[in-house]
Structures are given as structure tokens and as C-alpha cells.
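Student: No sequence on hand, only this structure:
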């Protein structure tokens, strides 16, 4: 049976690479895109518009997908946003914005997806953390790091029932991702020290493989290269 995965943030650099990787490996892929965005997803990926900022819209979306598809093997939740700002520069509005972009976009999908997976007997979830939330460098990225830290905590909370529900949540923790936007913002950096979207997608593929089936707790894959 062909395995089915859902990818949020499918229109971003990492999202497109992940959709491509899984489609190439024979998975059936549903790629969630911002409403009104232009779909340039790889062949074989089903594009679906989704307002991840709306809890009710996400619930309705997943309910619709449940009626259309017999099961969902994995949800790869990559939607998010980034902002600089240290303690003195960060306002409560900045915190709320980062929480909205990184935590709520995951939470709004995780709730109905978890229920779906629980009814079908299990599944896998992958969330996206960030290096400063784990290994330092957070002071200049305060709001972003706090939000990503909450995403990692969400994974730990979900895994409290992993044995009972057979749902395991993992977290990828990228360093600086080699994207056109980052190259433009940091033209003097050593791009070879960064981590490519394709290598991140390969690591996600591993997390959902039979070889990784024994993983428990909250696996954090630190994918920094030398960044």
C-alpha cells in the first residue's frame, strides 16, 4: 500500500524539497500551501490550500482529507517564520507573531491529525525546531527561539502518549539552511557550511522509515553541518 504523507509549508524551500524527496520515493504526498499562492510543487504532489492560522479551517481541512483518503501515515509540519531581535528590540507583538507563525501553525494541524492517526492505529509526526532554541545563539533571535522552543516542547508532550497511541513525534533542528534568500541576506558567508534543503529532506525520510521505527522519546535530529 502506498504511504501517504502531509507536508505543511510545502511552498517553501524545505517544503518543496521534502515533497520532491517523498514523491521520488513513491509516497503519496499532500502539500499544504498558503491560500492564493501559486503552486509549483513537483509532479505527483497534491496541492491543497490551507489557512494554518485558523483553527477551525484546519479542523475542517483535515476532516475533508479523512473523507477523501483512507489513512495518513505521517504529517511533516514545516510551516513557520523567522525574525531577528534581541531582548531590548523584541516586543510582545513580536512574540505573538512568532508564536502564531511557528507554534499555532503546527498546533492547528496537529490536533485533528493526531485524532486521525489515533483512530487508524498510529502514525508519525515531524516538527521543525531551530538551532538557537537548542544550542545557543538565542539572544539575538529571542522571539523566534522562544517559539521554536515551544514547538520542541509540543513534541515532548505529544510523545507522552506515544506508547499507548502508537504515534511518535520527532523534531528536525536545522542550522542555517542554504536557500536563495539566505544567500542574498548573507552574501559573505561560507555557503558550504550550511545545510541543504535536500539533506534535511533525506533526514526526514529516515525518520519515517522502517529503520527508524524503534525511535522513542522525542528524537531531535541536529542537522547543522558547520553552521
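Tutor: In hand now; what should we look at? Remember, it's a predicted structure, so these values are computed and weren't measured experimentally.
Student: what about the strands in this structure?
Tutor: Ranges of strands within the chain are 4-8, 28-33, 45-49, 74-77, 123-128, 167-174, 220-223, based on DSSP state E.
Student: Nearest to residue 117, out of those?
Tutor: Of all the strands of the chain, strand 123-128 sits nearest to residue 117, with 3.3 Å by Cβ to Cβ. All C-beta atoms are positioned from the backbone trio N, CA, C, and that covers glycine.
Student: so what does that closest one touch, helix or strand wise?
Tutor: Counting contacts by 3 or more Cβ pairs under 8 Å, 6 or more residues apart in numbering; DSSP states H and E, strand 123-128 is packed against strand 74-77, helix 105-120, helix 142-158, strand 167-174, helix 197-207.
Student: want to throw these into TSV with distance to residue 49?
Tutor: As requested, those are exported to TSV (distance: least, Cβ to Cβ, whole Å):
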stretch	distance to residue 49
strand 74-77	16
helix 105-120	14
helix 142-158	23
strand 167-174	25
helix 197-207	22
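Student: Out of those, indicate the one that is most buried.
Tutor: Most buried of the helices and strands packed on strand 123-128, by mean neighbour count (mean count of other Cβ atoms under 10 Å): strand 74-77, with a mean of 26.
Student: Tell me the helices and strands packed up against that strand.
Tutor: Packing partners of strand 74-77 (3+ Cβ pairs under 8 Å, 6+ apart): strand 4-8, helix 105-120, strand 123-128.
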